[in-house]
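*Asks:* Attaching a predicted model along with its sequence, questions to come.
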Amino acid sequence: MVIRVEQIVGIRADANEKIAMGHIMRCITIAKQMKNLRQKTIFFTADSYAHDLLEAAGMEYICLNTAWDRMEEEVNRLREELEKAGCRKLLVDSYQVTGTYFDKIRDICKIIYMDDCFEEVYPVDMVINYNAYHVRFPYRKAYEGKAKLLLGTTYVPLREEFQKAYFQKAGIEPKFQVSPLFISGREEKAFRFLKQRIDEKKGKASIFLSSGGGDTYDALSGILVSTAKEEAFCRAVFHVVVGKFHPNREKLEGMAKDNPAIKLHYNVGNMAELMEECDVAVSAAGTVLFELCAMQIPTVFFVCADNQMYDSEFFAQEERMLFAGDIRENREECLGRIGGNLKRLLQDKSLRKRMKEALSQVTDGQGAARIAEEIWKL
């Protein structure tokens, strides 16, 4: 029997209209698994943008009142708060860090860094990159003897509802303890996987749309406008996820008011439940693609940020998903490919079947628990 002594782990992450919510969301997922291992977590944020989200998740937090994109300026304040809280480990999830930033705090705590980009070799104790494209970069050579590495889709930190979804879909028991917080009667209905979706609906399809929290390139309205012209989508219902920081919310609300087939979803408490009601999906690249894998939803995806570029190589292979391109390069062409690929998905039953099988092989849903375990052992 392993006796676990309580540890206090700091988590440094932000969310705002520029970087959206992906960083803070995956850290919350990991923090919930840490709780199972007697690891107390405290979030440190530059500002108050993410506080309502942290409160809803039951997370403790401290606001540094600093600039989120000038992290070196916060070092003295962060050191003070880390020492006051007794944090001996710090998980950092931000693209704004520098080597100097880590050097100035490494003497008081061990550092775990979520590194999606491999822009430089940082003075840290653990590096996490759960993306399949990690093989493009020389992590092992660069960090040999310097840091523990958690690489690959084994460590995808799926949110709790998606962990539960994967386990029930696959008919397996989790190897790690899974938090019981989400196994309520309401949420159980999210996992009725034996239901046949589009194949038994006689042509009527539900389409999941997501573009990340910011939707800088106004992809959602573009997709809705372009598909409205196509007869193939005349009976479709679009379930549109509107992020907290979406810049064109009023435009989407106007479209939904004029078209009852457009359903807008705000502050989604159980994304797996919403996805489970959909037949196919369109999404920007990012962690959400792994969530769609867990739900086995045939998907068309596109890129809208530099850190998503390598996703296209992995997810477009072996018919996992259909890639529509980089919306930053030519928005109209990308929207056209999204519509064409979406039509193909709706019309090709055998393709959907092959994609579901490929998606089921991507991740086993236990990545967050593995990360929490490795942080505890660090």
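*Replies:* Everything's here; your move. Numbering: from 1, shown residues only.
*Asks:* Who are the contact partners of the residue nearest the centre of the chain?
*Replies:* Centrality entry for the chain: nearest residue to the mean C-alpha point is residue 287, 3.1 Å, by C-alpha atoms, centre = their mean. Contact partners of residue 287, counting by C-beta atoms under 8 Å, 6 or more residues apart in numbering, are 22, 25, 26, 156, 157. C-beta coordinates here come from the backbone N, C-alpha and C atoms, glycine included.
*Asks:* Mind checking which of the residues you listed are in strands?
*Replies:* Per DSSP state E, strands hold no members of the contacts of residue 287.
*Asks:* Tell me which of those has the lowest pLDDT.
*Replies:* Across the contacts of residue 287, the smallest pLDDT goes to residue 22, namely 87.
*Asks:* Tell me if I'm right that that one and residue 286 touch.
*Replies:* Yes. If you go by C-beta atoms under 8 Å, residue 22 and residue 286 touch, sitting 5.8 Å apart.
*Asks:* Neighbour count for these two, which is higher?
*Replies:* residue 286 (24 against 21; other C-beta atoms under 10 Å).
*Asks:* Which strand or helix spans residue 208?
*Replies:* Per DSSP states H and E, residue 208 falls inside strand 206-210.
*Asks:* Closest one to residue 223 out of the contacts of residue 287, please.
*Replies:* residue 22 (19.9 Å; C-beta to C-beta).
*Asks:* Could you report the separation of the closest one from residue 291?
*Replies:* Distance, residue 22 to residue 291, using C-beta to C-beta, to the nearest Å: 11 Å.
*Asks:* Show me the beta-bridge partners of the residue nearest to residue 309 when sequence neighbours are not counted.
*Replies:* What sits nearest to residue 309 in space, not counting adjacent residues and going by C-beta to C-beta, 6 or more residues apart in numbering, is residue 303, at 5.9 Å. Counting by DSSP bridges, residue 303 is bridged to residue 326.
*Asks:* Residue 303 contacts residue 311, correct?
*Replies:* Yes. Using C-beta under 8 Å, residue 303 makes contact with residue 311 at a distance of 6.9 Å.
*Asks:* list the residues that contact both of the two?
*Replies:* Between them, residue 303 and residue 311 share the contacting residues residue 285, judged by C-beta under 8 Å, 6+ apart.
*Asks:* quick one: which of the two has more around it?
*Replies:* residue 311 (25 against 22).
*Asks:* residue ranges for the strands of this structure, please.
*Replies:* Using DSSP E, strands in the chain cover 7-13, 39-45, 60-63, 89-93, 110-114, 126-129, 148-151, 206-210, 237-242, 262-266, 280-284, 299-303, 322-326.
*Asks:* For residue 372, which of those is the nearest?
*Replies:* Of all the strands of the chain, strand 39-45 comes closest under C-beta to C-beta, at 6.8 Å.
*Asks:* Name every strand pairing with that closest one and say which way it goes.
*Replies:* Partners of strand 39-45, by DSSP bridges, with direction: strand 7-13 (parallel), strand 60-63 (parallel).
*Asks:* Out of those, which one sits most buried?
*Replies:* strand 7-13 (a mean of 23; mean count of other C-beta atoms under 10 Å).
*Asks:* Return the mean pLDDT over that strand, rounded to an integer.
*Replies:* 97.
*Asks:* That one to strand 110-114, inter-axis angle?
*Replies:* 40 degrees (axes from the mean of the first three to the mean of the last three C-alpha atoms, to 10 degrees).
*Asks:* quick one: contacts of strand 7-13?
*Replies:* Contact with strand 7-13 is made by 23-24, 27, 30-31, 34, 38-45, 50, 78, 82, 85-94, 109, 375-376, as judged by C-beta under 8 Å, 6+ apart.
*Asks:* to the chain's geometric centre, what's the distance from it?
*Replies:* 19 Å (C-alpha atoms, centre = their mean, to the nearest Å).
*Asks:* what residues are shared contacts of residue 22 and residue 286?
*Replies:* With C-beta under 8 Å, 6+ apart, residue 22 and residue 286 have common neighbours residue 212.
*Asks:* For the closest residue to residue 110 other than its chain neighbours, the count of nearby residues, please.
*Replies:* Distance criterion C-beta to C-beta, 6+ apart; nearest residue to residue 110, sequence neighbours excluded, is residue 125 at 4.4 Å. Using other C-beta under 10 Å, residue 125 has 18 other residues around it.
*Asks:* you'd agree residue 125 is up against residue 147?
*Replies:* Yes. Counting by C-beta under 8 Å, residue 125 touches residue 147, with 5.6 Å between them.
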